[in-house]
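A.B. asks: let's see this in three dimensions:
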Amino acid sequence: MRDEMTLKETLETFTALPTHTSAKPLETRSPSGWEPGVKYATDGGMTVTLPATVKLADGEHVSAVESMGVQVPDGWTVRLVEARFDPAAWQREGEGTAYTGPVWRYKFIVVPKIAVLDVDSLFGKLRPQPKRIPAGEVFLVALSDMQIGKVDGDGTAGTIGRIFASHDSALNRFKQLRKAKQVSEAVIVIAGDCIEGITSQGGNLAAAGRIDLSVTEQVRVYRRIVARIVKDYTDTADRVRVMVVPGNHDEAERRGKQVRSYTDSWALDGAVAVAEAMDLAGYGDRVAWIMPAYDELVVCVDVAGTTVGVAHGHQSRTGQMGKWLAGQAQNRQPIGTADLVISGHYHHLRVEALAATTWIQVPALDGGSTWWRHAGNTEAPPGMVSMLVGGGAWRNLELN
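C.D. replies: From the prediction side, this is the model:
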C-alpha cells in the first residue's frame, strides 16, 4: 500500500507542467531605431547600438562596444547616449516558440576625450586635489504607482513592505551624503497612482472585487505612508520639498471618460491632509508642498538650478513622452523645456535623453499585475529612484 508521501509525489508528477530549456542563442526583434550596428561619422566618431542584452554593470560599457568589432582609439572615449529597459521584448530561442521577456537596449558614441590643461603639473606644483562636489546640489527621491488597495501579487500588505524597504534604502543614502556634507536639502517626488481607486478601467476593478481596501481605507494608508516618509526626511534635512501630481487611478470621480476636474484627486487630497497636519505640528517652515494649479496635471519648479517637471505619464502614449513634451513646449508650458522630467504610469524604469531634456520614468511599487502577466508580458523590478540634482543637470541615479 502506498504511503501518503508517495501519493503526494505521484500527484505532483501528474499535475506538473512540462518545461523546456535551450542553449541556442536568442533572436530578439529590435524596434525601429534600435537595430544593432555601428554608424560612422565624417569626423571619425561612431554611434554603436548594441543587440538586446542583460543590464550592463559599471565598467562593462567599453567591452560591450568592442564586442561589436569597434576599436576605441587612444585619446577617445565611450559615452552612453541612451539606455532603455524593455520589459516585454519579442524573443525566440533557436527554432522554439516566440515569447516576450525583459531586455536592456543601449546606444553609445565613441568620441574624442576632452583635453584638460593641468596648470599645476605644468609648473611642477604636484599636490593632491580634493574631490570636487558641485555646489548646491539637492537629493531627490521619486516614487510612483503605489496603488494602495490593489489585490494583485502580495496585495496591499506586500506593497507597504516594499515602500518602506525602498524608503529606508533611499533615506540611508541621504543620511550618508548629508554626513559627508554633500547635500542638506531633500526633494520628494510623488508621481501619482497613489491608490488603486475605483474609477480606473471604468470602475470594473471595484465591481469585480479586485481591491482589498475600501477607498477611505486606501486614502488613510496612503496618507500615513506619506506622513512617515516626509517626517523622516524633515528630521534629517535642513529643508524638504514635496512635489505631488495626480494619476488616473487617483481620480475621485469620473463620468465615462470625463472627470469633474483634473485636480479632483485622492493623491492631492491625501497630501494636503499631511501638509496641514505637519503645519499644525510645527513643521510648516521646513516643508514646502508643491501641487498642480486647479484643473492641471503637472508641476514644474527650479531645484538648485535644474528645472524639474513632474507628470504622472498617462497623458502620453507608451514611449512617446518626447512627442508629448514637444507639444507642451509649443503651448509655452514650462514642463516642455524642463531640464529633467519625472513620470511613472508605465511601471518600469526608463532613462532617455530627449534633446536638452532628460526623461526618467520611475518603476512601480505595487505587487504587479496579474492581468499583464497572463497576457504574456513581464514585470519590471519595483522601487524608488534617488539622484543628485543641481546646476541644470542630474547625476548618480540609484534604484532603491
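A.B. asks: make it CA atoms for all contacts and neighbour counts henceforth
C.D. replies: Fine.
A.B. asks: enumerate every residue touching the residue nearest to V151 when sequence neighbours are not counted.
C.D. replies: In space, and not counting its chain neighbours, V151 is closest to I211: 5.1 Å by C-alpha to C-alpha, 6 or more residues apart in numbering. Counting by C-alpha atoms under 8 Å, 6 or more residues apart in numbering, I211 makes contact with 149-151, 196, 205.
A.B. asks: please identify, among these, the one with the most neighbours.
C.D. replies: E196 (30 neighbours; other C-alpha atoms under 10 Å).
A.B. asks: can I assume that one is in contact with Q147?
C.D. replies: Yes - here E196 reaches Q147: they are 4.2 Å apart, a contact under C-alpha atoms under 8 Å.
A.B. asks: give me the common contacts of the two.
C.D. replies: Common neighbours of E196 and Q147, using C-alpha under 8 Å, 6+ apart, are H249.
A.B. asks: before we move on, back to that, need the phi and psi values for the residue nearest to V151.
C.D. replies: Dihedral pair for I211: phi -140, psi 150, per degrees, to the nearest 10.
A.B. asks: show me where pLDDT drops low in the protein?
C.D. replies: 1-29, 88, 90-99, 114-135, 201-209, 371-372, 375-378 (pLDDT under 70).
A.B. asks: tell me which stretches of the stretch 301-400 of the chain form strands.
C.D. replies: Under the criterion DSSP state E, counting those that start in this stretch, the stretch 301-400 of the chain contains strands at 306-310, 340-343, 350-354, 357-361, 385-390, 393-399.
A.B. asks: save those as JSON lines, and put in mean neighbour count and distance to P31 too.
C.D. replies: JSON lines is the format used below for the strands of the stretch 301-400 of the chain (neighbours: other C-alpha atoms under 10 Å; distance: least, C-alpha to C-alpha, whole Å):
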{"stretch": "strand 306-310", "mean neighbour count": "24", "distance to P31": "27"}
{"stretch": "strand 340-343", "mean neighbour count": "24", "distance to P31": "22"}
{"stretch": "strand 350-354", "mean neighbour count": "17", "distance to P31": "15"}
{"stretch": "strand 357-361", "mean neighbour count": "22", "distance to P31": "19"}
{"stretch": "strand 385-390", "mean neighbour count": "23", "distance to P31": "26"}
{"stretch": "strand 393-399", "mean neighbour count": "15", "distance to P31": "26"}
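A.B. asks: in JSON lines, list those strands along with distance to H374.
C.D. replies: Formatted as JSON lines, those follow (distance: least, C-alpha to C-alpha, whole Å):
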{"stretch": "strand 306-310", "distance to H374": "31"}
{"stretch": "strand 340-343", "distance to H374": "26"}
{"stretch": "strand 350-354", "distance to H374": "23"}
{"stretch": "strand 357-361", "distance to H374": "24"}
{"stretch": "strand 385-390", "distance to H374": "28"}
{"stretch": "strand 393-399", "distance to H374": "27"}
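A.B. asks: which of these sits closest to R228?
C.D. replies: When these are compared by C-alpha to C-alpha, strand 385-390 sits nearest R228, at 17.6 Å.
A.B. asks: quick check: angle from the closest one to strand 393-399?
C.D. replies: Taking axes from the mean of the first three to the mean of the last three C-alpha atoms, to 10 degrees, one finds strand 385-390 and strand 393-399 inclined to each other by 160 degrees.
A.B. asks: who does strand 385-390 touch, helix- and strand-wise?
C.D. replies: If you count contacts as 3 or more C-alpha pairs under 8 Å, 6 or more residues apart in numbering; DSSP states H and E, strand 385-390 packs onto strand 138-143, strand 393-399.
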